[in-house]
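got a predicted structure plus its sequence, pasted below:
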Amino acid sequence: MIFVVEVPHQGEPRAWFAYDAEDLLTKVAGSDPLPWWEIHDQSTPRELIEMLDQDPADPTLADRLPALWSLVSEHGLDTPLYRADHLGTAGYQASPVSMEEACEAALKARVGSALQDVRIWWSEQEAVLASEDPVEPLFTRQGGWRCLHALREQLLALDVVAEN
């Protein structure tokens, strides 16, 4: 499981979890200004063309869909391309981007505007160790006990840790 603590500018911190990267993307996209495919997507130019109900062999495609055809010209029809707009490059790129990287970038993009801070732990073990770390910066700053409490409540609710 993946655990997230969001610290708003006002109000109480909120902890939540995702089962895996796909669940994380669904939850991040639910409150993001970008649609999910701009947060993270992996597609080939052929798949993008077929999503538009077009034939990749159509000779007029280059004139009708020049941006999409430029991807075909540069990468071919079957090269996997990645999109993760919160990483600063809008559109599809050949550089691999994991769903986790893209979601983390989307959450961190909220810091400053919607959030004061955000933390992600990629496993139950990481979250438990963080909750027990006496020098975890999120928990040691002023009011950090609220963040720790939110994470501990989420860990307890999911039976990751036992109440002691």
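Noted; the coordinates are in hand. Residues are numbered from 1 along each chain as shown.

low-confidence ranges in this structure?
164 (pLDDT under 70).

relative to its centre, which residue of it is most distant?
Pro59 (37.2 Å; C-alpha atoms, centre = their mean).

tell me the secondary structure for that residue?
Here Pro59 is recorded as coil under DSSP: H, G, I helix; E, B strand; the rest coil.

quick one, what contacts it?
Under the criterion of C-beta atoms under 8 Å, 6 or more residues apart in numbering, Pro59 has no neighbours. From N, CA and C alone the C-beta is placed, and that goes for glycine too.

next, give phi and psi for it.
Taking degrees, to the nearest 10, you get phi -70, psi -20 for the backbone angles of Pro59.

what separation do you get for it and Arg110?
45 Å (C-beta to C-beta, to the nearest Å).

number of nearby residues for the nearest residue to Pro137 once chain neighbours are set aside?
Of all residues not flanking Pro137 in the chain, Gly144 sits nearest, at 7.9 Å (C-beta to C-beta, 6 or more residues apart in numbering). Applying other C-beta atoms under 10 Å, we find 16 residues neighbouring Gly144.

do the one 10 residues further on as well
Residues near Gln154, counting by other C-beta under 10 Å, number 21.

pull the contacting residues for it.
Under the criterion of C-beta under 8 Å, 6+ apart, the contact list for Gln154 reads 3, 15-17.

most surrounded residue in those residues?
Phe3 (24 neighbours).

list the buried residues in the top helix by length along the chain.
Ordering each helix of the chain by length in residues (DSSP state H) puts helix 144-157 first. Residues 144, 147-148, 150-152, 154-155 are the ones in helix 144-157 that count as buried (16 or more other C-beta atoms under 10 Å).

element containing the spatially most central residue of the chain?
In the chain, the centroid-proximal residue (C-alpha atoms, centre = their mean) is Cys103; its distance is 0.9 Å. Element membership of Cys103, judged by DSSP states H and E, is helix 99-108.

please enumerate residues in contact with that helix?
Contacts of helix 99-108 (C-beta under 8 Å, 6+ apart): 2, 4, 6, 21-22, 24-25, 28-29, 32, 34, 39-40, 84, 86-87, 118, 120, 122.

among those, which are in strands?
For those, the ones inside strands are 2, 4, 6, 84, 118, 120, with DSSP state E as the criterion.
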